[in-house]
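**Q** Sequence and predicted structure, then a few things I'm wondering about:
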Amino acid sequence: MSKKEMKVVRNLVTERYMGRWYEIALFPSFFQPKNGKDTRTTYNLNSDGSTVHVLNETWSDGKRDSIEGTAYKANPKSDEAKLKVKFYLPPFLPLILVTGNYWVLYVDPDYQVVNARSGMGETNSLLRLVEEKIRLKSELEENQKKRKRTRSNLMKSRNN
């Protein structure tokens, strides 16, 4: 039996996606700090107009951890929100290039809430504005239920 491919957003408006997003929940990957909090990602359109600068940040044990990368459409001719992201590891001495998938599975019409999946299999729920967290949390959880993701391994992000 083959796995059914996840549906992704079509016709994502890249310019509206730019800015800072705050993580509110995730299905974690092995490389993410277990005690990370106040995790956020900032997206900025590069001057070439087709690639995006990505800055992932989290705080653990009182220290800021971050990694920067570049995102681009996996297939420039497709209308699907399937991106590739390149990161250099380790961030402080970039020696190894790691490229992964980043798929936008859901974005609300106002571009304030998103569910996305990376190549490592984790699904992140992100919010644009922290103040809207309570109102939008149920919308995200409903979207996860539709995707048949269980809450048993859902880890809520720790935010101040």
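**A** Sure, I can see it. Numbering: from 1, shown residues only.
**Q** List the residue ranges of the protein that fall below the pLDDT cut-off.
**A** Across the chain, residues meeting the criterion (pLDDT under 70) sit at 1-4, 28-31, 91-92, 94, 119-123, 128-142, 147-160.
**Q** where do the strands sit along it?
**A** 19-26, 37-45, 52-60, 63-73, 82-89, 96-107, 113-118, 123-127, 155-156 (DSSP state E).
**Q** okay, those, which one's buried deepest?
**A** Of all these, strand 123-127 carries the top mean neighbour count, a mean of 24, counting by mean count of other C-beta atoms under 10 Å. Placement of C-beta: from N, CA and C, glycine included.
**Q** Run the chain-centre distance for that strand.
**A** 6 Å (C-alpha atoms, centre = their mean, to the nearest Å).
**Q** Remind me what it packs against, helices and strands.
**A** strand 19-26, strand 113-118, helix 133-146 (3 or more C-beta pairs under 8 Å, 6 or more residues apart in numbering; DSSP states H and E).
**Q** That one pairs with which strands?
**A** Within its sheet, strand 123-127 is paired with strand 19-26 (antiparallel), strand 113-118 (antiparallel), according to DSSP bridges.
**Q** quick one, which of the strands of the chain is nearest to Val9?
**A** strand 96-107 (4.5 Å; C-beta to C-beta).
**Q** Give me the helices and strands touching that closest one, please.
**A** strand 82-89, strand 113-118.
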